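K.L.:
sequence? don't have it. structure:
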């Protein structure tokens, strides 16, 4: 899958990212000034359309709606529990589950199967996107291709991970900017200097340094992947504690990113701390080592372009009195959503 995430591919995705974001802005523009919108839901819908079009060339509202329903059901009713993480068998964990694990993705599976079958029937006339690479992939050692289930599992994973985490990163970024007007003003200054009202392009990303720093600091305080599980393949020792092979090791960026011995004023929102690269393994929003997220570059490209496009047009203001409580599901979500007031700044087109 690596070629789908290389710099050349990123440059090709950029117009899709900004195009979908401008569709969002057009919907907001149709509202009265100072209208209210749930920014979390808006970011989820936007990033889902982006992943659908960039990775699978699917421009149908149908599959986007199916994914949204499946993700919401899984996150809120079927999400993995401590029993899952401790390795108990599925039949046992289902005894304590309030949701229908087998049914949460049935509709999604059928939609993905239609995509795969359609692509397999006429591969020569279809786009050379990530789905095409998965359908055509062969194991270098055995020569075997992936089974339909293996392809579907990869597609589901990319759909889930490819939109949910970026959406949550942008949601928490909007929240933090609304609380820190000096940071927002510095962001606006950079956008004016670099873009001067025009839609950002892939080549602009290198010059949008503070925009990147804002997102990085947001993911430090509110990492979308708040907890990660790893399984050692051999016994090891950590700080004198023996870790047996096959154990479940939980790594919590939520704690690591706020550790006072690693970060100065760890609970303060300060994007300037990312003017220099943090020490290795102190900041791991995408994981680290061999299992680092394959989509890290895609996520950062997407987040920078979306934030730059939206922030040129709108200031987002948190609804007065609205409770903010992080909720650690599969990703880190605001428990009560994020309704915000949309204050128009200026057109992002020139």
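P.N.:
Structure's in. What do you need? All values reported here derive from a predicted model rather than from experimental measurement.
K.L.:
which element follows the helix or strand bottoming out on mean pLDDT in the chain toward the C-terminus?
P.N.:
Ranked by mean pLDDT, DSSP states H and E, the weakest helix or strand in the chain is helix 90-93, scoring a mean of 58. Going down the chain from helix 90-93, the next helix or strand is helix 106-121, by DSSP states H and E.
K.L.:
So which other helices or strands are in contact with that following helix?
P.N.:
Contacts defined by 3 or more C-beta pairs under 8 Å, 6 or more residues apart in numbering; DSSP states H and E place helix 106-121 against helix 61-73, helix 130-136, helix 148-179. Heads up, the C-betas are built off the backbone N, CA and C, glycines and all.
K.L.:
Would you quantify the distance from residue 70 to residue 164?
P.N.:
Distance of residue 70 to residue 164, computed by C-beta to C-beta, to the nearest Å: 11 Å.
K.L.:
can you check residue 303 too?
P.N.:
13 Å.
K.L.:
low-scoring stretches of the stretch 1-150 of the chain, by residue?
P.N.:
58-62, 72, 74-104, 122-123 (pLDDT under 70).
K.L.:
same thing but 90
P.N.:
Across the stretch 1-150 of the chain, the ranges flagged by pLDDT under 90 are 1-5, 33, 52-150.
K.L.:
Could you list the buried residues of stretch 114-125?
P.N.:
115, 116, 119 (16 or more other C-beta atoms under 10 Å).
K.L.:
Can you name the residues that contact the first one?
P.N.:
Residues near residue 115 by C-beta atoms under 8 Å, 6 or more residues apart in numbering: 56, 58, 63, 131, 155.
K.L.:
how far out from the middle of the chain is stretch 301-310?
P.N.:
Taking C-alpha atoms, centre = their mean, to the nearest Å, the mean C-alpha location of stretch 301-310 is offset from the chain mean by 12 Å.
K.L.:
what's next to it, contact-wise?
P.N.:
10, 13-14, 17-18, 21-22, 24-25, 43, 46-47, 50, 166, 169-170, 173, 191, 195, 199-200, 202, 204-205, 208, 211-212, 214-215, 316, 348.
K.L.:
can you list the contacts of residue 115 in CSV and add neighbour count and distance to residue 252?
P.N.:
Shown next, in CSV, are the contacts of residue 115 (neighbours: other C-beta atoms under 10 Å; distance: C-beta to C-beta, whole Å):
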residue, neighbour count, distance to residue 252
56, 23, 32
58, 23, 35
63, 20, 33
131, 25, 34
155, 23, 29
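K.L.:
Make CSV from these and add distance to residue 146 to it.
P.N.:
Compiled in CSV, these are given as follows (distance: C-beta to C-beta, whole Å):
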residue, distance to residue 146
56, 15
58, 19
63, 20
131, 12
155, 11
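K.L.:
ok, which pair from those is furthest apart?
P.N.:
Within the contacts of residue 115, 63 and 131 form the most distant pair, 11.7 Å apart (C-beta to C-beta).
K.L.:
how much space between residue 265 and residue 120?
P.N.:
54 Å.
K.L.:
Contact partners for residue 164?
P.N.:
Neighbours of residue 164 in contact, by C-beta under 8 Å, 6+ apart: 44, 47, 71, 224, 330, 331.
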